[in-house]
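# Below are the sequence and a predicted model; questions follow.
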Amino acid sequence: MADETRATIGMAVYAQDGTELGHIRGFDEDGFYVTTREGLAGLSVEHERAGHEFGEAELMWRCSNCGEMGDIEEMPDTCPNCGAEKEQLYYWTED
């Protein structure tokens, strides 16, 4: 299917009637996760809770293939460690 759009992090997701549901915040073997929150903080549920009990957490990216992590400001197109595609990278919080 040449016209098929590839899902990416941050892409808007819509219901059949055209209502925006939210934005893709991550992927795993079952599909993708959608957030209804705005901005980078909305891309991780744990980030919303961070800082209340154990100190502040940093929002990072993580590879679901090898576990490599990096600064969210420098999110790569592929994992620099194993070469996994961007769809294998997701938002992660780290203390």
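All right, it came through fine.

# the bottom helix or strand of this structure by mean pLDDT?
helix 45-49 (a mean of 47; mean pLDDT, DSSP states H and E).

# After it, which helix or strand is next? Please name it.
strand 58-63 (DSSP states H and E).

# And that following strand, what does it pack against?
strand 69-71, strand 89-94 (3 or more CB pairs under 8 Å, 6 or more residues apart in numbering; DSSP states H and E). In short, each C-beta sits where N, CA and C put it, glycine included.

# Tell me which of the ones you listed sits nearest to G31.
strand 89-94 (12.0 Å; CB to CB).

# what is the rounded mean pLDDT of that closest one?
Averaged across strand 89-94, pLDDT comes to 80.

# Neighbouring strands of it in the sheet, and parallel or not?
If you go by DSSP bridges, strand 89-94 pairs up with strand 58-63 (antiparallel).
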